[in-house]
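>>> Here's a sequence, model it:
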Amino acid sequence: MTQTIVQQLADFTAGATFDNLPPEVVHECKRVLLDSVGCAVAAIDELKGRAGIDYGRILGAGDPKATIMGAAGKVSVAGAAFANGELISALDMDVVLPPGHVSPYVVPAALAMAESLGSSGRDVITALAVAHEMSNRFGKAMDSMRQMKDGRLSPPPVFGYSSTIFGATAALGKLRGHTTEVLANALAIAGGISPANPQIGWFQHSPSSTVKHLMAGALAQQALIASYMGELGHRGDLQMLDDAEYGYRRFIGTTKWEPEHITRNLGSVWNFPAESSYKPYPHCRVMHVMFDCIVKIVQEQGLRPDEIESMLVYVEEFAIRPVWINRDIGHVHDAQFSMAHGIAMAAHNFPLGKEWQDPGNVFSPSVMSLMARVTIELHPDHAKPGTRPSHVEIRARGQNFVEKKLYAKGSPSPDPSTYMTDAEMMEKFRHNCAGVLPDAQVDGLIDALMKLEQLANFAPVMGLAAKP
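Numbers count the residues shown, from 1 in each chain. Just a heads-up that it's a prediction; the model follows:
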């Protein structure tokens with residue numbers, strides 16, 4: 001009898017072993033984890049992060065088994081999973097992987113579960129590998145925000161990251177040692193309780209919701225529910241991914257459904273390491289190429305913000321949405337996505353990290369004044385596949401300074417200089433943890449995460465991520 005797609009995913013999850021993971025997969029999982037932990041620790045004072053911590057403590061009262069990163073004390077697995085999901089996504093500085101963001105949704109519950117179980121570092125790496133690969137494959141099977149029609153951008157009417165619930169649930173089942181039957185039912189249950197995909201509405205409305213494209217903490221909770229319900233004997237709809245008319249494809253709202261991307265070479269080919277992009281700026285990825293251009297000009301010319309008469313930026317069509325063209329900065333969160341404000345921040349050459357969302361910098365009179373001198377226009381090559389074309393012109397000192405670029409720092413591209421090295425990622429991590437964790441503790445955390453496969457018990461790693 002032919003297996004359903006859900007059953008194939010369960011087989012993939014159950015059959016994955018650390019020893020069979022390619023070296024690049026192991027390495028990328030450690031990089032993803034390093035980046036995620038750093039982003040979480042950096043966000044403890046941001047509204048979304050603080051709210052996540054507070055609600056995590058409400059969820060976690062009386063069952064101290066897992067760590068909220070950057071905070072003191074332990075809470076329940078559910079509490080830590082919620083809080084850490086919100087923390088990882090709070091600054092919008094986490095790793096990008098098609099369909100968009102994956103790690104804030106699949107990492108938090110897995111870390112909390114691994115800590116509570118005392119799982120090995122190899123177990124954690126294997127679970128995260130399964131989660132990211134599965135999520136990336138769903139992203140390829142479903143709608144893309146950069147779909148083209150007749151040479152023009154044609155975004156889908158419904159889009160989001162809800163499908164990451166499958167990867168998040170698979171990681172939990174892997175850590176808990178579920179059988180293929182339990183895994184299959186848990187994955188099917190996950191699909192049945194998959195959150196709605198609200199991201200298009202979020203793009204189109206300003207001021208934007210602080211929930212963002214999807215609340216990471218809430219999805220982590222749904223994955224925990226699905227995993228436990230499968231373990232407790234609930235039965236899911238194993239046919240939901242095969243039925244294009246009445247199944248997951250229909251009720252999640254995707255117009256594209258190419259499930260062969262999910263199953264083709266599943267278990268033998270790992271796609272996610274080559275598609276992961278890391279973010280130097282705590283700001284939406286859409287703007288990073290232009291920020292690279294601006295920072296280069298400012299640093300090379302030694303420009304001061306008060307010397308800049310005007311800034312003209314040509315951007316991709318995808319960026320012309322209310323959430324990004326908004327100039328009404330009433331909340332730090334608004335600055336996280338405003339193109340004009342981000343351009344002004346880049347021109348001030350602030351350190352790349354949480355300083356970009358420090359209220360003193362966000363609402364600085366100098367930043368707000370420069371934002372008014374920014375003009376944004378559509379780039380003529382906006383439809384070039386695989387690129388994020390940016391053209392920046394800065395008028396200062398009676399001269400025009402011009403910089404052009406196609407690929408952002410941190411992204412895989414034909415330009416080797418865009419790759420973010422391990423050393424650069426460690427530098428980002430140290431900066432994110434500064435002022436929250438002691439230097440010696442940060443050093444120990446980096447060492448543990450980059451040697452994760454050598455650790456018999458993952459729990460002490462999370463202890464290093466806690467505030468002393």
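>>> Look up how far residue 164 lies from the residue nearest the centre of the chain.
In the chain, the residue lying closest to the centroid (Cα atoms, centre = their mean) is residue 101, at 3.5 Å. Relative to residue 164, residue 101 is positioned 8 Å away (Cβ to Cβ, to the nearest Å). Using the backbone N, CA and C atoms, a C-beta is placed for each residue, glycine as well.
>>> what's the answer for residue 462, then?
For residue 462, the distance to residue 164 - Cβ to Cβ - is 21 Å.
>>> Of those two, which one has the most company?
The neighbour comparison of residue 462 against residue 164 (other Cβ atoms under 10 Å) goes to residue 164, with 33 against 23.
>>> Now do the residue of the chain most remote from its centre against residue 308, distance only.
Most distant residue from the mean C-alpha position of the chain: residue 398, 40.9 Å away (Cα atoms, centre = their mean). Per Cβ to Cβ, residue 398 is found 12 Å from residue 308.
>>> my guess is residue 46 contacts residue 90, does it?
Yes - using Cβ atoms under 8 Å, residue 46 is in contact with residue 90, at 4.6 Å.
>>> What residues does the nearest residue to residue 15 once chain neighbours are set aside make contact with?
Distances taken as Cβ to Cβ, 6 or more residues apart in numbering put residue 267 closest to residue 15, at 6.3 Å, once the chain neighbours are dropped. Shown in contact with residue 267 (Cβ atoms under 8 Å, 6 or more residues apart in numbering): 11-12, 15-16.
>>> Out of those, which is nearest to residue 142?
Nearest to residue 142 among the contacts of residue 267 is residue 12, at 18.1 Å by Cβ to Cβ.
>>> just checking, what packs against the host helix or strand of that closest one?
According to DSSP states H and E, residue 12 maps onto helix 5-15. Packing contacts for helix 5-15, counted by 3 or more Cβ pairs under 8 Å, 6 or more residues apart in numbering; DSSP states H and E, involve helix 121-141, helix 164-176, helix 180-192, helix 260-263.
>>> Could you rerun that using 7 Å?
helix 164-176, helix 180-192, helix 260-263 (3 or more Cβ pairs under 7 Å, 6 or more residues apart in numbering; DSSP states H and E).
>>> quick one, which of residue 46 and residue 90 is more surrounded?
Remark: of residue 46 and residue 90, residue 90 carries more neighbours, 31 against 23, as counted by other Cβ under 10 Å.
>>> how near is that one to residue 440?
Distance from residue 90 to residue 440, by Cβ to Cβ: 26 Å.
>>> what about the helices in the stretch 251-400 of the chain?
260-263, 288-301, 322-325, 332-335, 339-347, 359-362, 365-371 (DSSP state H, counting those that start in this stretch).
>>> Just tell me which of those ends up closest to residue 64.
If we rank those by Cβ to Cβ, the stretch that ends up nearest is helix 332-335, at 30.9 Å.
>>> what does that closest one contact?
47, 207-208, 210, 326, 328-329, 341, 357, 359, 362 (Cβ atoms under 7 Å, 6 or more residues apart in numbering).
>>> Can you say which of the residues you listed are buried?
Buried members of the contacts of helix 332-335, counted by 16 or more other Cβ atoms under 10 Å: 207-208, 210, 326, 329, 341, 357, 362.
>>> Adding distance to residue 217, write these out as TSV.
Output for those, formatted as TSV (distance: Cβ to Cβ, whole Å):
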residue	distance to residue 217
207	21
208	18
210	12
326	25
329	25
341	26
357	19
362	24
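>>> pLDDT and distance to residue 292 added to those residues, as TSV?
Compiled in TSV, the buried ones among the contacts of helix 332-335 are given as follows (pLDDT from 0 to 100; distance: Cβ to Cβ, whole Å):
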residue	pLDDT	distance to residue 292
207	87	27
208	88	24
210	91	27
326	94	22
329	95	22
341	97	17
357	93	19
362	97	21
